[in-house]
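Chemist: here are the coordinates; sequence isn't available:
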C-alpha cells in the first residue's frame with residue numbers, strides 16, 4: 001500500500017518503509033520519517049538541509065527553560081491505565097455497534113414504534129461517536145508513549 005501523509009508521527013507509527021524523492025533520485029528507506037532522517041544522515045554526511053530542523057510544536061518565541069523541557073512527555077500512571085483499558089473498551093463498543101446494526105437489519109425492527117426506532121438510532125450514533133473519540137484518545141496516548 002502506498003501512503004502519503006504530512007503527519008510525521010503517523011508515518012513513524014504506521015509505515016515499514018519510505019520512498020523518498022531526493023535530488024539524486026528516488027530512494028527507499030526502511031522505517032518511517034525518523035528512520036529516514038537517521039539513514040539519510042549515514043548515507044550523506046552533509047545533506048543540503050543539514051541546518052534545517054523539523055518544525056517543533058513550540059512557538060517561535062518559546063525557548064526551553066531547562067534541560068527537562070527537551071525531554072518528551074511520559075504517560076502518567078492514570079494515562080497508562082487508560083491506555084491499557086482502551087483496547088477492551090474499543091472492542092466492547094464495536095460489539096455493541098454490531099449488535100445494533102444486526103437488530104436494525106431485521107425486517108421486524110421497523111415495525112416497532114417510531115420512538116423505539118429513533119432511540120435505537122440515537123444510541124447507535126452515540127456509540128459511534130464514543131468509538132471515534134476512544135480511537136482518537138488511543139492514538140494520542142500511543143503517540144505520547146512512543147515518543148518517550
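Modeler: Noted; the coordinates are in hand. If you're wondering where the values come from, they're calculated on a predicted model, not measured in any experiment. Numbering: from 1, shown residues only.
Chemist: What is the neighbour count of residue 119?
Modeler: Residues lying near residue 119 (other C-beta atoms under 10 Å) number 12. To be clear about C-beta, it is placed using only N, CA and C from the backbone, and glycine gets the same treatment.
Chemist: and it, what helix or strand is that in?
Modeler: Assigned by DSSP states H and E, residue 119 belongs to helix 114-147.
Chemist: Quick one: distance of that helix to the chain centre.
Modeler: 15 Å (C-alpha atoms, centre = their mean, to the nearest Å).
Chemist: so what does that helix touch, helix or strand wise?
Modeler: Contacts defined by 3 or more C-beta pairs under 8 Å, 6 or more residues apart in numbering; DSSP states H and E place helix 114-147 against helix 8-14, helix 77-105.
Chemist: try it again with 6 Å
Modeler: Applying 3 or more C-beta pairs under 6 Å, 6 or more residues apart in numbering; DSSP states H and E, one finds that helix 114-147 contacts helix 77-105.
Chemist: residues of the helix it packs on that come out buried?
Modeler: The neighbour-count check on helix 77-105 (16 or more other C-beta atoms under 10 Å) flags 79, 83, 86, 90, 93, 96, 97, 100 as buried.
Chemist: name the helices or strands packed onto that helix?
Modeler: Applying 3+ C-beta pairs under 6 Å, 6+ apart, we find helix 77-105 packed against helix 114-147.
Chemist: Just want the angle from the helix holding residue 119 to helix 77-105.
Modeler: In terms of direction (axes from the mean of the first three to the mean of the last three C-alpha atoms, to 10 degrees), helix 114-147 departs from helix 77-105 by 150 degrees.
Chemist: Rounded mean pLDDT for helix 114-147, please.
Modeler: Averaging pLDDT along helix 114-147 yields 93.
Chemist: Could you pull out the buried residues of it?
Modeler: 124, 127, 131, 134, 137, 138, 141, 143, 144.
Chemist: So residue 26, which state does it fall into?
Modeler: Secondary structure for residue 26, judged by DSSP: H, G, I helix; E, B strand; the rest coil, is strand.
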